[in-house]
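[1] Next come a sequence and a model predicted from it.
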Amino acid sequence: MAQVIEVNQQTIRRLGFGAMRLPTSGFRGPARDPEVGRAVLRRAVELGVDHIDTAAFYQSGDGTVRANALIREALHPYPPSLVIATKVGPVFGPGGPGQLPAAGLRAAVEDNLQTLGIDRLDLVYLRIGRMEVPHGESVAERFEALAALREAGLIRHLGLSNVDLAQLEEAIAIAPVVAVQNNFHVAKRDDAALLDACTTRGIAFAPFFPLGGGGTDINNPHLAKVAARHGASPPQIALAWLLALSPVTLAIPGTGSLAHLEANMAAGSIALTDEDLAELAVAGPSK
Ligand SMILES: NC(=O)c1ccc[n+]([C@@H]2O[C@H](COP(=O)([O-])OP(=O)(O)OC[C@H]3O[C@@H](n4cnc5c(N)ncnc54)[C@H](OP(=O)(O)O)[C@@H]3O)[C@@H](O)[C@H]2O)c1
């Protein structure tokens, strides 16, 4: 398993870190201890993480603990090798979640620049749709707006999140796409064809919910069996499977726990055998 991936001449390790669980264990839930969050981030970098996935809207429900603030407080000035990926598109107003129009994306990018304390974002995903299923609408206007911000020097690379193949192709015709981030894990593989398209094109695929989002999806007998063979846990096997699946997959497991962070990083050295992969080929029906 290759441990690194080239994204437009920048090499990053394939096992990274997702920051959504630092402020709160779910989404916009009760605040977690920010000191623990900062400790997790520092330890992640010590353990070799050079890719952190975040968003300005990752925060506790009461707004007191925010992922970007934790990242800045823990790690700024950032190591030169650190890639911080963020996403824009969703908006969470009093009327519930919605989507920013193209004209609103500049402010969202500037919010990330300011809260992360940098003058150019490494990677910005355009996050499409309200829920976890791609909706199929045109991404052109919003992606063109982000491409213009890239041209203006505010963004280095562009990605797409929660999209289908047609949306990816629509965006590629506008500007280079270096990464895709959809809901995908060992027990949910609806986007296998999209992953194939990314593999063929050399586009990184950094799924969200690589551990099934912390639910019970990855607690099945197939993972348990492979985990027992390796003296590992099912979440570790879920990460090893993701990394074994394609040379373009990046894992960004999310955790606010130092113990889980250590366990997740150790998954990078698990080498799955053909027998393991055959077992995991049936490890979960698509939801
Ligand atoms: N593009 C999008 O729309 C989108 C959506 C969701 C997430 N994301 C990104 O993707 C990243 C990963 O997704 P995610 O964090 O939502 O889900 P995930 O990585 O699939 O799972 C995280 C959950 O698993 C638990 N966990 C982590 N490591 C564990 C371990 N070794 N053993 C047992 N439990 C473990 C965490 O709890 P503890 O915190 O208690 O460890 C948390 O509840 C996010 O952090 C975020 O950066 C993007």
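    Okay, I see it.
[2] Excluding sequence neighbours, find me the nearest residue to the residue of the stretch 151-287 of the chain found nearest the ligand.
    Distance from the ligand to each residue of the stretch 151-287 of the chain (Cβ to the nearest ligand atom) is smallest for G254, at 2.0 Å. Placement of C-beta: from N, CA and C, glycine included. Take G254 and drop its neighbours on the chain: the residue closest to it by Cβ to Cβ, 6 or more residues apart in numbering is G18, 3.4 Å away.
[3] check contacts around the one you found.
    I52, D53, F208, P210, I252, P253, G254, T255 (Cβ atoms under 8 Å, 6 or more residues apart in numbering).
[4] Quick one: neighbours of the fourth one, just the number.
    Other residues near P210 come to 29 when the count uses other Cβ atoms under 10 Å.
[5] I252 is in contact with that one, correct?
    Yes - counting by Cβ atoms under 8 Å, a contact exists between P210 and I252, whose distance comes to 6.4 Å.
[6] quick revisit: kindly state the beta-bridge partners for the residue nearest to G254.
    Per DSSP bridges, residues listed as beta-bridge partners of G18: D53, G254.
[7] closest to A44 among the contacts of G18?
    Distance from A44 was checked for each of those by Cβ to Cβ. The minimum falls on I52, at 7.3 Å.
[8] hang on, the closest one packs against L22?
    No - I52 is beyond contact range of L22, at 9.9 Å (criterion: Cβ under 8 Å).
[9] Find residues that contact each of those two.
    Counting by Cβ under 8 Å, 6+ apart, the residues touching both I52 and L22 are L41.
[10] Which one of these two is surrounded by more residues?
    A direct count of neighbours by other Cβ under 10 Å for I52 and L22 places L22 higher, at 32 against 25.
[11] does that one sit in a helix, a strand or a coil?
    Applying DSSP: H, G, I helix; E, B strand; the rest coil to L22 yields a three-state assignment of coil.
[12] residues in this protein within reach of the ligand, list them.
    Residues of the chain lying near the ligand by Cβ under 6 Å from any ligand atom: 18-21, 25, 53, 87, 127, 161-162, 181, 208-214, 233, 235, 252-257, 260, 263-264.
[13] are any of these buried, and which?
    Neighbour counting by 16 or more other Cβ atoms under 10 Å classes 18-21, 25, 53, 87, 127, 161-162, 181, 208-214, 233, 235, 252-256, 260, 263-264 among these as buried.
[14] Just the ones in helices from those residues, please.
    Mapping those onto helices (DSSP state H) picks out P235, H260, A263, N264.
[15] Hmm, P235 and the third one touching each other?
    Yes - look at A263 against P235 with Cβ under 8 Å: they come within range, at 6.9 Å.
[16] Mind checking the pLDDT average for stretch 37-54?
    Across stretch 37-54, the average pLDDT comes to 97.
[17] Pull the residues that contact stretch 102-113.
    Contacting residues not belonging to stretch 102-113 are listed as 55-56, 68, 86, 88-89, 91, 100, 119-121, 124, 126, 141-142, 144-146, 149, 154-155 [Cβ under 8 Å, 6+ apart].
[18] Check whether A171 really touches V177, as I assumed.
    Yes - in this structure A171 lies within contact range of V177 using Cβ under 8 Å: 5.3 Å.
[19] before we move on, the earlier item: may I see the ones in helices among the buried ones among the residues of the chain next to the ligand organised as TSV, with pLDDT added?
    TSV is the format used below for those (pLDDT from 0 to 100):
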residue	pLDDT
P235	96
H260	98
A263	98
N264	98
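[20] Before I go, just wanted to say thanks for your time.
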